[in-house]
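Student: Here is my input; please provide its structure:
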Amino acid sequence: MKTATLRYFCFFFVFFGFLLLAQSVFAAVPIQDRNLNGAAAAEARLKLISAAESFLGTPYRYAGVDRRGLDCSGFVHLSFREGLNYTIPRSSEGIYSWAEKIADADLQPGDLVFFVTDGRDVSHLGIYAGGGRFIHSASEGTNTGVIYSRLDENYWRRTYKGAGRALPWDRNSPAPVPGRASPGKALPAWGNSGFFTGFGAAWIWGDLLESSSSVFRGVSGLLTLGVKWSVYQAGLELRFGWDQTLQMFRVPFTISLGSDTFRFFGGPAYTFGDPVPGTADGERQYKGGGDWLWELGCFAAFPPLAFGRGAVSVYGELAWQPYYLKDDKKFDFNSDITANIRVSTGIRYSYKL
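Tutor: As a prediction, the model looks like this:
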């Protein structure tokens, strides 16, 4: 394999791997470092508690992190994701290490409460809702699953470890009261379930296997209409792009399934113009112009950042778009694989309907 080819493969392997790991990498940044003051701080706490209350009655499930079942840390993790579109550490110990430790006297609705129920390490947690009550996912007792409990109950008083803060608190702002409307307009959080639309634009990277000095191969766009539930989503997508290397315009119609950060997509694709890439030994002509073929691929993205009624994310795509040689020529690995693979990176905005 040529040095340039190896360099390309190493680059894209690292890039897609980083996209998949980004959710864990960025989870280490505490929310309390963000500039949320006054009404914004109170509203953020209300959104968190509202998301937590939406899981009441969900059964307990070890390692569960969706509405089919939740463990204690999965419940808190998903409440932050759905209520505030923010990813926090997944384990009880990880959340305890990540949160800012506060005195019990400073405990406010939206803060976190931690317990040592097994051994000497933090093994349970919940979201404080005010009035001495907290919401959590209980694994044992009379009631299990996501429920309300009180800090002054014998078991929880005996196992209580302390309180933590993940959201900022302004002593001059009104305390958030669960069950009341938050001040200002309520925007639909991207993490909540519902319908959405979106658009994106991407750069198609240069010939991967050919010895080309150009990193530009073309541009592509993306229009989406989909539905989101929990951390998953499905969508109908119109993808279109100009491929300078193949000298043609391509319009795939795809269905995508997955999450905010990783999805598979596939569907029929129509090609305008015969794909004719330039090669070292002349032109290789492919079938497919003016005809329906297909496209399959995967989409990986950084965790989305909330923006207005939606979210922005940087993404990458690896797609297989098959064409077939017109003439009776031998298979050439570099040219033919380059013609049939698309690698692109871009930015997308998803808008909550």
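Student: Report the contact partners of the residue lying closest to residue 266 once chain neighbours are set aside.
Tutor: Using Cβ to Cβ, 6 or more residues apart in numbering and skipping residues adjacent in sequence, the residue nearest residue 266 is residue 296, 4.3 Å away. (Each C-beta comes from the backbone N, C-alpha and C, glycine too.) Shown in contact with residue 296 (Cβ atoms under 8 Å, 6 or more residues apart in numbering): 264-266, 319-320.
Student: Now residue 296: which helix or strand?
Tutor: Element membership of residue 296 [criterion: DSSP states H and E] is strand 291-301.
Student: roughly how far is that strand from the heart of the chain?
Tutor: With Cα atoms, centre = their mean, to the nearest Å as the basis, strand 291-301 stands 20 Å off its chain's centre.
Student: same deal with stretch 234-248?
Tutor: 23 Å.
Student: for it, which positions count as buried?
Tutor: In terms of neighbour count (16 or more other Cβ atoms under 10 Å), stretch 234-248 has its buried residues at 235, 237, 239-243, 245-248.
Student: separation between the closest residue to residue 159 other than its chain neighbours and residue 101?
Tutor: The shortest distance from residue 159 to any non-neighbouring residue, by Cβ to Cβ, 6+ apart, is to residue 115 (4.4 Å). Taking Cβ to Cβ, to the nearest Å as the measure, residue 115 falls 14 Å from residue 101.
Student: quick one, which of these two is more surrounded?
Tutor: Neighbours per residue (other Cβ atoms under 10 Å) separate residue 115 from residue 101, with residue 115 holding more: 24 against 11.
Student: if we can go back for a sec, same list (the buried residues of stretch 234-248) but as TSV, adding pLDDT, secondary structure and distance to residue 276.
Tutor: As requested, the buried residues of stretch 234-248 are exported to TSV (pLDDT from 0 to 100; DSSP: H, G, I helix; E, B strand; the rest coil; distance: Cβ to Cβ, whole Å):
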residue	pLDDT	secondary structure	distance to residue 276
235	95	strand	32
237	96	strand	27
239	91	strand	21
240	90	strand	19
241	91	strand	16
242	91	strand	14
243	87	strand	11
245	78	coil	9
246	80	coil	7
247	81	coil	5
248	85	strand	8
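Student: quick one: which two of those residues are the most distant?
Tutor: Pairwise distances across these peak at 29.8 Å for 235 and 247 (criterion: Cβ to Cβ).
Student: in the stretch 101-250 of the chain, which spans are helices?
Tutor: Ranges of helices in the stretch 101-250 of the chain, per DSSP state H, counting those that start in this stretch, are 154-159.
Student: what are the ranges of the strands in it?
Tutor: For the stretch 101-250 of the chain, the strands defined by DSSP state E, counting those that start in this stretch occupy 112-115, 124-130, 133-138, 145-150, 160-165, 194-205, 216-229, 232-243, 248-259.
Student: With distance to residue 54 as extra columns, can I get those in a markdown table?
Tutor: Below are the strands of the stretch 101-250 of the chain laid out as a markdown table (distance: least, Cβ to Cβ, whole Å):
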| stretch | distance to residue 54 |
| --- | --- |
| strand 112-115 | 18 |
| strand 124-130 | 12 |
| strand 133-138 | 10 |
| strand 145-150 | 9 |
| strand 160-165 | 22 |
| strand 194-205 | 13 |
| strand 216-229 | 12 |
| strand 232-243 | 16 |
| strand 248-259 | 19 |
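Student: So residue 343: helix, strand or coil?
Tutor: The three-state assignment at residue 343 reads strand, by DSSP: H, G, I helix; E, B strand; the rest coil.
Student: try residue 339
Tutor: Applying three-state DSSP: residue 339 is helix.
Student: related to what we said a few turns ago, and the strands of the stretch 101-250 of the chain: which comes nearest residue 43?
Tutor: Using Cβ to Cβ, the strands of the stretch 101-250 of the chain put strand 124-130 closest to residue 43, at 15.4 Å.
Student: who does the closest one pair up with?
Tutor: Sheet pairing of strand 124-130 (DSSP bridges) gives strand 112-115 (antiparallel), strand 133-138 (antiparallel).
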